[in-house]
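1. Quick one, fold the following:
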Amino acid sequence: MKVLKKILLGTGLLLGLFLLLALLLPGSYHVERSVVISRPSSYVYPHVANLHNWAAWNPWTASDPSVKNVISGPGHEIGSVWSWQGDAVGVGTLTIQELMPEQRIVSRLAFVEPQMFESDDMWTFEETAGGTKVTWINEGSLS
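-> Residues are numbered from 1 along each chain as shown. Just a heads-up that it's a prediction; the model follows:
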């Protein structure tokens, strides 16, 4: 009986610790990465602003040889949608919401499978002495 009480107490303590940690975790996330490309923003921006160009440089797409990509709309205007379906990358969409030529791109990223998840995606382009500083930001809710 003492062993059973110890097991139950230990399990209860672990469960309580898990719940306490869950309460302390943030409700949102923010990921940001930057790189300087030795070209002007007029050269760099179209590679990101036009969804038809993504297959040439996007390593995430290349990670799944089974992926099928479909681009709806012209690909470089607000409302254009990149849809994908693949074994490793799942099913999802990226919809362009805002375009500020050579400055910023805002999109909505939505994963449908293997689980539902949405986030905001932003690219900024800043001229620097060495070229263009390109910053990618992805943020969303964890709840």
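2. From now on I want contacts and neighbour counts done on CA atoms only, so please keep to that.
-> Will do.
3. Note down every partner strand of the helix or strand harbouring A110 and its orientation.
-> Taking DSSP states H and E as the definition, A110 sits inside strand 104-113. In the sheet, strand 104-113 lines up against strand 90-100 (antiparallel), strand 117-128 (antiparallel) (DSSP bridges).
4. starting at the chain centroid, how far to that strand?
-> Distance, stretch centre to chain centre, for strand 104-113: 7 Å (C-alpha atoms, centre = their mean, to the nearest Å).
5. how about that strand: buried residues?
-> Of all the residues in strand 104-113, those buried under the rule 16 or more other C-alpha atoms under 10 Å are 104-111.
6. Stretch 79-95 too?
-> Residues of stretch 79-95 classed as buried by neighbour count (16+ other C-alpha under 10 Å): 79-86, 89, 91-95.
7. go on, stretch 28-41?
-> In stretch 28-41, counting by 16+ other C-alpha under 10 Å, buried: 36-37, 40-41.
8. With stretch 39-48 instead?
-> Those would be 40-41, 44-45, 47-48, for stretch 39-48 by 16+ other C-alpha under 10 Å.
9. thinking again about what came up before, who touches the strand holding A110?
-> 49, 90-99, 116-125 (C-alpha atoms under 8 Å, 6 or more residues apart in numbering).
10. Now which of those would you call buried?
-> 49, 91-99, 118-125.
11. what's the closest non-adjacent residue to F117?
-> F111 (5.1 Å; C-alpha to C-alpha, 6 or more residues apart in numbering).
12. tell me the pLDDT at the one you found?
-> pLDDT, the model's per-residue confidence, is 89 for F111.
13. Use 679 as the first number for this chain going forward.
-> With 679 as the first residue, the last one maps to F789.
14. So which helix or strand of this protein has the lowest pLDDT on average?
-> Least confident helix or strand, the chain: helix 680-702 with a mean of 69, by mean pLDDT, DSSP states H and E.
15. Please save the CA atoms from the strand holding A788 in PDB.
-> Extracted C-alpha coordinates of strand 782-791, given in PDB (Å, rounded to 0.1, in the frame of the first residue of the first chain):
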ATOM      1  CA  ARG A 782       7.400  44.800 -47.100                       C
ATOM      2  CA  ILE A 783       5.300  41.800 -47.800                       C
ATOM      3  CA  VAL A 784       2.600  40.500 -45.400                       C
ATOM      4  CA  SER A 785       1.000  37.100 -45.800                       C
ATOM      5  CA  ARG A 786      -1.300  34.700 -43.900                       C
ATOM      6  CA  LEU A 787       0.100  31.200 -43.500                       C
ATOM      7  CA  ALA A 788      -2.400  28.400 -42.900                       C
ATOM      8  CA  PHE A 789      -1.600  24.800 -42.300                       C
ATOM      9  CA  VAL A 790      -4.600  22.500 -42.700                       C
ATOM     10  CA  GLU A 791      -3.000  19.100 -42.300                       C
END
